[in-house]
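Visitor: output the structure for:
(one chain, ligands or ions: 2)
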Amino acid sequence: MFPSLSCDSFFLSLCLCILCFSRPCFPARILPNSVTVLTAASDVHNATWRDFERFLDAGRGSQVSGMSELKNYFHRFGYLPNSNFTDIFDTDFESALTLYQSKLSLPVTGRLDSDTISAIISPRCGVSDASQQTALHATRHFAFFNGKPRWVRRNPVTLSYALSPNNMISYLSSSDVQDIFRRSFSRWSAVIPVNFTEAETYESADIKIGFYRGDHGDGEPFDGVLGVLAHAFSPENGRFHLDAAESWAVDFKKDKSKAAVDLESVATHEIGHVLGLAHSSVKGAVMYPSLTPRTKKVDLRIDDVEGVQALYGSNPNFKISSLQSENSYNRAVALDTRSSFKWAISLTLLITLMLRLAT
Ligand SMILES: [Zn+2]
Ligand SMILES: [Zn+2]
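Guide: Ligands and ions are numbered 1, 2, ... in the order given. Alright, predicted model coming up:
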């Protein structure tokens, strides 16, 4: 009735059946819509840094003409102390590179692999990644500026902001820009006991916002399309500058440019700096340093919230349940990861059994 199976064939069939009907669990499958993928897989690369692609696969001991430019990049963003840089991939550069990979949550290889090169050429915030890391909790990745500066005001804390009347973008309506900043500030005020109001005059504002081109007098010149998108200063400075050369978008349905950058995402990120947060290594966090064009990332993540609440405390009206979907996501990822582990163990055991039978 049934074709006879050899022992090996039987176990091979068994393995195939188990593999077909078991549930391989890959966390990416359950990514909620709100999660933004921030790796630089985009077609749009930053012309400013695209030249760095030629260093792909360079490792310790390599000497490639122009490597000193890449070292300047690492110096600019807080990974290498100032020095006369050569074109040799030396041990100091390797240390800086592994620190960068760790900070950006990339595979730590110590080589200029494709993930690392993609991250390097991604458009990003101009604020340095050097920070005072919080070492209290290994699972938390938010950071503060050195000295942990914050706005100190009598309670209730109210900070005023204003858009520079002379440094706006002509193709954006002022009402659109005002709405975007209102929403961006309200995301932060929802989680901390700090209110933001529009100042009556630009001069009197605590937080002064404007779009600037190239060298604009603060020692941090902008670099044209993509590259550095914006920067803001730590408390209680209040300066918040956006690169006027970007193609700033308020609605991707209307703005079809491949290099369009979402104004609201960058505004929300820079307000984090204005409040005292440095860059986070959580890729989904608003405070992660890079942002791919045509990406919207405006919802604060638990890492952002915990970071800013460590500076200002919690807004009494804030409920952690408002971030419940993210918590569910994190738990689901953890469960799925454990399931994947069990699945991999089962597969290993089966293969071992097959090898034993074959010998
Ligand atoms: Zn930043
Ligand atoms: Zn500036």
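Visitor: list the buried residues of the helix or strand that contains G210.
Guide: Per DSSP states H and E: G210 is located in strand 207-212. Using 16 or more other CB atoms under 10 Å as the test for burial, strand 207-212 gives I207, K208, I209, G210, F211, Y212. From N, CA and C alone the C-beta is placed, and that goes for glycine too.
Visitor: cool, and stretch 80-97?
Guide: Within stretch 80-97, the residues scored as buried using 16+ other CB under 10 Å are L80, F85, F89, D90, D92, F93, A96, L97.
Visitor: what about the strand or helix carrying the last one, near ligand 1?
Guide: This means L97. According to DSSP H and E, L97 maps onto helix 91-103. No: Helix 91-103 lies out of reach of ligand 1 by CB under 5 Å from the ion, never closer than 12.4 Å.
Visitor: now do the helix or strand following that helix against helix 91-103, angle only.
Guide: Going down the chain from helix 91-103, the next helix or strand is helix 114-121, by DSSP H and E. In terms of direction (axes from the mean of the first three to the mean of the last three CA atoms, to 10 degrees), helix 114-121 departs from helix 91-103 by 90 degrees.
Visitor: which residues does the residue in the stretch 101-250 of the chain that ligand 1 sits nearest to contact?
Guide: Here the residue of the stretch 101-250 of the chain nearest ligand 1 is C125; by CB to the ion that distance is 2.8 Å. Counting by CB atoms under 8 Å, 6 or more residues apart in numbering, C125 makes contact with V228, L229, A230, H231, V266, H269, E270, H273, H279, P289, S290, L291.
Visitor: what distance do you get for the second one to I120?
Guide: Here L229 is placed at a distance of 15 Å from I120 (CB to CB, to the nearest Å).
Visitor: thinking again about what came up before, now the contacts of C125 as TSV including distance to ligand 2 and neighbour count?
Guide: Below are the contacts of C125 laid out as TSV (distance: CB to the ion, whole Å; neighbours: other CB atoms under 10 Å):
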residue	distance to ligand 2	neighbour count
V228	10	24
L229	12	28
A230	8	27
H231	6	20
V266	13	25
H269	15	26
E270	11	25
H273	12	23
H279	17	27
P289	16	23
S290	18	21
L291	18	23
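Visitor: among those, which lie within strands?
Guide: If you go by DSSP state E, these have A230, H231 in strands.
Visitor: which of the three states applies to F196?
Guide: Using DSSP: H, G, I helix; E, B strand; the rest coil, the structure places F196 in strand.
Visitor: number of residues surrounding K297?
Guide: Number of residues near K297 (other CB atoms under 10 Å) recorded here: 23.
Visitor: that one reaches P289, doesn't it?
Guide: No: the pair K297 / P289 is not scored as a contact, 12.0 Å apart, by CB atoms under 8 Å.
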